[in-house]
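Colleague: For reference, the sequence and a predicted model appear below.
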Amino acid sequence: MSNEEKKKTEFSGHSTKSVHGGAPREKGFHSITTPIVQSSTYTFENTAKLVEFLDKKVYGGELDREEYARYGNPSVWAVEKRIAELEGAEDSVVYPSGMSAVTSLFLTVLKPDTHIVMTDDCYRRTRQFCLTTLKKFGIETSIVPMGDYDALEAAIIPKKTRFIFTETPTNPYLRVADLERIAELGKKNRAMTLIDTTFATPVNLRPIEYGIDFVMHSATKYFGGHNDVMAGVISGSKPRIKALKDARGMFGNIIDPHQAFLLERGIKTLGIRVKHQNDSALKVAQYLENHPKIERVFYPGLQSHPDYDIAKKQMSGFGGVISFEVAGGLESTGAFIDRLQIPYIAPSLGGVEGLIEQPAYVSYYDLTPEERKEAGINENLVRYALGIEDAEDIIADLEQSLSLVEMPSTTIEELTT
Ligand SMILES: *Cc1c(COP(=O)(O)O)cnc(C)c1O
């Protein structure tokens, strides 16, 4: 059987899709991996071939090449096809970072005198971009509390709201959005819907299946998976993604061949990594929930989580990030983190190494304690993004550090009220 005849498309499993999704059997030079084509331009055999290419490019047709590297490279195309298959989307477009993806989307699609509705625990830089740069171009943003669908609907301005945007699960409380309701609100009001599912990955959640228009990821996190590459991606319908690819050719934010190669290599293990992280995170979350020195645990796979029901309905796994509050305050929580031997203290998530942070420091350092309180960030809050280490070791490590946490002594007032 020839490679052409083996061109099967739809695999059902996410590990199979992670390895083979969208990939041709024959990749050039009989290489099993997509060759890195380190070239800034591409050549044409003769003028007739150039004209044939330009005809397709200008008047429409399936292109299997480009003429210049700002429009793409084979590693980028391979990643885009792979991610589209994982998402169940018609097409995907890859960028050099998650922020590059979301800012390009808004700048490409929005016009002045339009409006965005966004939920309050969206990624801070995305919110900042909307409230500063987009505002400068006459695009307004309303921010509504996550989980309040009445407020979300009330914030929509007829004929003006072009985007409804939320993340799921969110940072740091892992709130889960009801995608059916959001898709319905979008359709009813002729607004496009955009979901950032960086924390879920398509292994656990595929928003396109719920009628969402655009899905974005910081591919720096689980897709890359090794804390060694930055990238972003947006998936959606063919014509919309084509518009974004055309804009990328103007903006010039193409990811270089070597970065794209690393991203493709990372994605090959996405399925097995995420399933492993789902399993260990659930075990660790259950351990933490039963620990007397842990005050609260936020994990959508626990029944105590406010969005447990919707998470269970929508997601096939609950992800690798857990947030929790340790008995004590800012400093004792820092000391608890410092005693841990597995996770590194760092922002980010989704790589093979576990990463831990205290949101009061990492994302909200510029706020006063009062402002942090208002933003709902307690000083003893910890966000642990598990790597692929074994759950038993992660739990033993947490145990040795928690054993040294001193319980705050109960005051007379607390005992008598
Ligand atoms: C990290 C992150 C981003 C930004 O992505 P970069 O790749 O760092 O530019 C956006 N959204 C979420 C949810 C993230 O975690």
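Modeller: That came through, no problem.

Colleague: quick one: buried residues of stretch 303-319?
Modeller: His305, Asp307, Tyr308, Ile310, Ala311, Gln314, Met315, Gly317, Phe318, Gly319 (16 or more other Cβ atoms under 10 Å). Backbone N, C-alpha and C define where each C-beta goes, glycine included.

Colleague: Name the residues of the stretch 101-250 of the chain found near the ligand, please.
Modeller: Tyr123, Glu167, Asp196, Thr198, Ser218, Thr220, Lys221, Met230, Gly232 (Cβ under 6 Å from any ligand atom).

Colleague: Kindly recompute the last result at 5 Å.
Modeller: Counting by Cβ under 5 Å from any ligand atom, the stretch 101-250 of the chain comes close to the ligand at Tyr123, Asp196, Thr198, Ser218, Thr220.

Colleague: and the closest residue to the second one other than its chain neighbours, what is it in contact with?
Modeller: In space, and not counting its chain neighbours, Asp196 is closest to Glu167: 4.2 Å by Cβ to Cβ, 6 or more residues apart in numbering. Contact partners of Glu167, counting by Cβ atoms under 8 Å, 6 or more residues apart in numbering, are Thr119, Asp121, Cys122, Tyr123, Ala177, Ile195, Asp196, Thr197, Thr198, Phe199.

Colleague: Select from those residues the one having the most neighbours.
Modeller: Greatest neighbour count in these, by other Cβ atoms under 10 Å, goes to Ala177: 29 neighbours.

Colleague: neighbours of His226, just the number please.
Modeller: When counting by other Cβ under 10 Å, one arrives at 17 neighbours for His226.

Colleague: ok, it to the ligand distance?
Modeller: Using Cβ to the nearest ligand atom, to the nearest Å, we find His226 at a distance of 14 Å from the ligand.

Colleague: Read off the pLDDT value for that residue.
Modeller: pLDDT, His226: 98.

Colleague: likewise the one 10 residues further on?
Modeller: Predicted confidence (pLDDT) for Gly236: 98.

Colleague: Specify the residue ranges that define each domain of the protein.
Modeller: Domains of the chain are assigned by automatic domain parsing as 14-267, 271-413.

Colleague: now these in a markdown table, with distance to Ser2?
Modeller: As requested, the domains of the chain are exported to a markdown table (distance: least, Cβ to Cβ, whole Å):
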| stretch | distance to Ser2 |
| --- | --- |
| domain 14-267 | 9 |
| domain 271-413 | 28 |
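
Colleague: so what's the closest residue to the ligand within the chain closest to, chain neighbours aside?
Modeller: Proximity of the chain to the ligand (Cβ to the nearest ligand atom) peaks at Gly98, 2.3 Å away. Excluding the flanking residues, the one nearest Gly98 by Cβ to Cβ, 6+ apart is Ser218, at 2.8 Å.

Colleague: Tell me if I'm right that that neighbour and Thr198 touch.
Modeller: Yes. If you go by Cβ atoms under 8 Å, Ser218 and Thr198 touch, sitting 4.6 Å apart.

Colleague: what do those two both touch?
Modeller: Here Ser218 and Thr198 share the contacting residues Gly98, scored by Cβ under 8 Å, 6+ apart.

Colleague: on that earlier part again, check the residue nearest to Asp196 and give its pLDDT.
Modeller: Note for Glu167: predicted pLDDT of 97.

Colleague: Stretch 188-207: end-to-end distance?
Modeller: Start to finish, the residues bounding stretch 188-207 are 18 Å apart (Cα to Cα, to the nearest Å).

Colleague: tell me the mean pLDDT for that stretch?
Modeller: So the average pLDDT for stretch 188-207 ends up being 98.

Colleague: Now find how far off-centre that stretch is within its chain.
Modeller: Distance of stretch 188-207 from the chain centroid (Cα atoms, centre = their mean, to the nearest Å) equals 10 Å.

Colleague: How about stretch 359-375?
Modeller: Remark: stretch 359-375 is offset 23 Å from the chain centroid, using Cα atoms, centre = their mean.

Colleague: ok, and for that stretch, which residues are buried?
Modeller: If you call a residue buried by 16+ other Cβ under 10 Å, then stretch 359-375 has these buried ones: Pro359, Ala360, Ser363, Tyr364, Arg372.

Colleague: quick check, distance from stretch 25-34 to the centre of its chain.
Modeller: With Cα atoms, centre = their mean, you get 29 Å for stretch 25-34.

Colleague: Just the C-alphas of that stretch, formatted as CSV.
Modeller: Extracted in CSV, the C-alpha atoms of stretch 25-34 (Å, rounded to 0.1, in the frame of the first residue of the first chain):
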residue,chain,number,x,y,z
ARG,A,25,2.9,9.8,5.7
GLU,A,26,5.6,11.1,3.4
LYS,A,27,7.3,14.1,4.8
GLY,A,28,10.2,14.7,2.5
PHE,A,29,13.6,12.9,2.4
HIS,A,30,11.7,9.9,3.9
SER,A,31,12.1,11.6,7.2
ILE,A,32,9.8,10.4,10.0
THR,A,33,9.8,13.9,11.5
THR,A,34,8.8,17.1,9.7
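
Colleague: Show the contacting residues for the residue lying closest to Gly350 once chain neighbours are set aside.
Modeller: Using Cβ to Cβ, 6+ apart and skipping residues adjacent in sequence, the residue nearest Gly350 is Lys221, 3.2 Å away. Going by Cβ under 8 Å, 6+ apart, Lys221 touches Gly98, Thr198, Phe199, Ser348, Leu349, Gly350, Gly351.

Colleague: Let's have the residues you listed in CSV, adding secondary structure.
Modeller: Formatted as CSV, the contacts of Lys221 follow (DSSP: H, G, I helix; E, B strand; the rest coil):
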residue, secondary structure
Gly98, helix
Thr198, coil
Phe199, coil
Ser348, coil
Leu349, coil
Gly350, coil
Gly351, coil
